[in-house]
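1. Following is a predicted model, sequence given first.
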Amino acid sequence: MRERLKEGLVFLKCNVRGKCFIEYIPAESAWVPVDGDGYMYINCLWVAGQYKGQGYSNLLLEECIRDSRSKGKKGLMILSSKKKMGYLADPKYLRYKGFRTADTAAPYFELMYLPFDEEACKPCFRAHIKEQSLIPREEGFTLYYTGQCPFTAKYVPLLEAAAKEKGAVLRTVQITTVQGAKTAPSPYTSFGLFRNGKYLTHEILSEKKFEKLLDSLTRSKISEEKF
């Protein structure tokens, strides 16, 4: 986060104990494969359950809007999904606040935006995301991740150890530059797990969840071989 501050990252937290914050950065410096020059990209808007319904989300978003307008931005954009999912912004709340869908990408991602000027061009996913041309095709698991979310520092080594213990192939690729993130194979660059060329999940898995996934896939393979 310290490194991103010089690129225009803003981190605002409400004066409460717990997860209640917004984090945003100019789109040109955002670690995400989108095109939206002149927009502000919201990395994360997180209000923990105990603080929901108390107006904190509105407060944080309104300050982001005020700040972005003062910096001459065209509008805001944020990564969401067709239905509410972990680690992605709630589409129902975003639509309530005036956001619209700018673009979509398989299997469930939506890029939503809030223009400050109706004449502003829509942001969009980069072409390789739509074409799925950079998806890893190797057999086994491939995990792309960045250091943007502190959870990856904890869980990626645990997943590597779990895969080794189970005899599963897991390749991990850490994205370390904004240029690398702009060419990442999936929209959510903090964590993207693939298997045999298929996208599995963007949700950061704990060791137990990953082991459960491995066991489930093993059972499925055994069942297929029987029939």
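-> Received, thanks. Numbering: from 1, shown residues only.

2. Now do the SS call for the most centrally placed residue in the chain.
-> Centroid check for the chain by CA atoms, centre = their mean gives Y188 as the closest residue, at 3.2 Å. Put simply, Y188 is coil when judged by DSSP: H, G, I helix; E, B strand; the rest coil.

3. For burial, what's the neighbour tally of the nearest residue to it once chain neighbours are set aside?
-> Excluding the flanking residues, the one nearest Y188 by CB to CB, 6 or more residues apart in numbering is H202, at 3.9 Å. All C-beta spots, glycine's among them, are computed from the backbone N, C-alpha and C. Residues within reach of H202, counting by other CB atoms under 10 Å, total 22.

4. Pairing-wise in the sheet, spell out the partners of Y39.
-> Beta-bridge partners of Y39, counted by DSSP bridges, are G75.

5. any idea how far the residue nearest to the centre of the chain is from K209?
-> 17 Å (CB to CB, to the nearest Å).

6. P185: what's it in contact with?
-> Neighbouring residues of P185 by CB atoms under 8 Å, 6 or more residues apart in numbering: 128-129, 132, 134-136, 144, 192, 194.

7. 6 Å instead?
-> Residues near P185 by CB atoms under 6 Å, 6 or more residues apart in numbering: 134-135.

8. Please tell me how far the residue nearest to the centre of the chain sits from P115.
-> Distance of Y188 to P115, computed by CB to CB: 23 Å.

9. again, but for G53
-> G53 is 28 Å from P115, where distance means CB to CB.

10. Looking at those two, which is more packed in?
-> Neighbours per residue (other CB under 10 Å) separate G53 from P115, with P115 holding more: 20 against 9.

11. list the contacts for that one?
-> Neighbouring residues of P115 by CB under 6 Å, 6+ apart: G75.

12. So what does it have for phi and psi?
-> phi -80, psi 140 (degrees, to the nearest 10).

13. Dig out what it forms beta bridges with.
-> Counting by DSSP bridges, P115 forms beta bridges with G75.

14. What's the separation between the residue lying closest to K182 once chain neighbours are set aside and Y144?
-> The shortest distance from K182 to any non-neighbouring residue, by CB to CB, 6+ apart, is to P33 (5.4 Å). To Y144, P33 is 11 Å away according to CB to CB.

15. Which neighbours do those two have in common?
-> With contacts defined as CB under 6 Å, 6+ apart, the residues shared by P33 and Y144 are A184.

16. So for M1, what's the pLDDT?
-> As predicted, M1 sits at a pLDDT of 80.

17. Next: R126.
-> Note on R126: pLDDT of 97.

18. Over to D215?
-> Value for D215, per-residue pLDDT: 90.

19. Then it would be within a strand, right?
-> No. According to three-state DSSP, D215 belongs to no strand; its state is helix.

20. quick one: contacts for it?
-> Neighbours of D215 in contact, by CB under 6 Å, 6+ apart: none.

21. Secondary structure element for D117, which one?
-> Here D117, judged by DSSP states H and E, is contained in no helix and no strand.

22. The residue nearest to K182 and R126 touch, don't they?
-> Yes. If you go by CB atoms under 6 Å, P33 and R126 touch, sitting 4.4 Å apart.

23. who's more crowded, those two?
-> Remark: of P33 and R126, P33 carries more neighbours, 21 against 18, as counted by other CB under 10 Å.
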